[in-house]
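1. Please find the sequence and the predicted model below.
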Amino acid sequence: MCALGDCAADARVAGAARALSWSGEHAAVWLLVGLTGAATDRTQRERWLKGTALVGAAHLASMGLKRVVRRPRPSLAGRAPLVRTAGAHSFPSSHAASASAAALVLGGLRPGSSAGLRPGSPGGLPLGTPLAALAGLMCVSRLVVGVHYPSDVLAGAALGALTARLGTRDTGKRGRPDG
């Protein structure tokens, strides 16, 4: 964790980490991506809205888990956090939960396509790679700014992935034309 924190000594890295952390507060950037997709891609509006709802669900689940676990944020000797946080608890990272959920569910959509929420669906321009890269950077930014332990970020990412998986799993006949 110290090695990533040392990266913050570079003003450009610190600035980028702050910007990523700020944009991920309350899942804002991911909700904006989903709602923009819903507003501009009429063919998949329902899928964009479902994906956006799953991002919100991952964020809310992480906030609820924080209230149960109540792990204090890291306190690094000689180094103050680079950002303010909405709360005093760190486990799991809500930024990581919403980021991983967004990368999986919104990244599986392709604007202008009738493809589903699952990654790898054919048609349109894939969003998965850019969203996954942004999600990964956001997760790392939480370590750089000094407000999470690595286990907070890993647990948050796992929670977001689980939320995405449960929200997009095939439930049998539901959704099939013959069901």
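-> Perfect, I can see it now.
2. C-alpha only now, for contacts and for neighbours.
-> OK.
3. Low-confidence ranges, the protein, go.
-> 1-9, 81-83, 110-128, 170-179 (pLDDT under 70).
4. Could you rerun that using 90?
-> For the chain, the stretches with pLDDT under 90 are 1-26, 40-44, 70-91, 95, 107-134, 136-149, 168-179.
5. mind checking the longest helix of it?
-> For the chain, the helix with the greatest residue count under DSSP state H is helix 45-69.
6. Show residues contacting that one.
-> 26-27, 30-31, 34-35, 37-39, 89-95, 97-99, 101-102, 105-106, 109, 116-117, 156, 159-160, 163-164, 167 (Cα atoms under 8 Å, 6 or more residues apart in numbering).
7. Buried ones among the residues you listed?
-> For the contacts of helix 45-69, a burial check counting by 16 or more other Cα atoms under 10 Å picks out 26-27, 30-31, 34-35, 37-38, 89-95, 97-99, 101-102, 105-106, 109, 116-117, 156, 159-160, 163-164, 167.
8. Now, those residues that are in helices?
-> Per DSSP H, these map to helices at 30-31, 34-35, 37-38, 94-95, 97-99, 101-102, 105, 156, 159-160, 163-164, 167.
9. buried set for stretch 131-142?
-> Result for stretch 131-142 [16+ other Cα under 10 Å]: buried residues 131-132, 134-142.
10. Show me these that map onto strands.
-> Taking DSSP state E, every one of the buried residues of stretch 131-142 sits outside strands.
11. Closest one of the residues you listed to Gly78?
-> Each of the buried residues of stretch 131-142 was scored against Gly78 by Cα to Cα, and Arg142 proved nearest at 17.8 Å.
12. That closest one and Ser100, how far apart?
-> For Arg142, the distance to Ser100 (Cα to Cα, to the nearest Å) stands at 14 Å.
13. and what of Val144?
-> Counting by Cα to Cα, the gap from Val144 to Ser100 is 18 Å.
14. So for these two, which residue has more residues nearby?
-> Per other Cα atoms under 10 Å, whichever of Val144 and Ser100 has more neighbours is Ser100, with 32 against 27.
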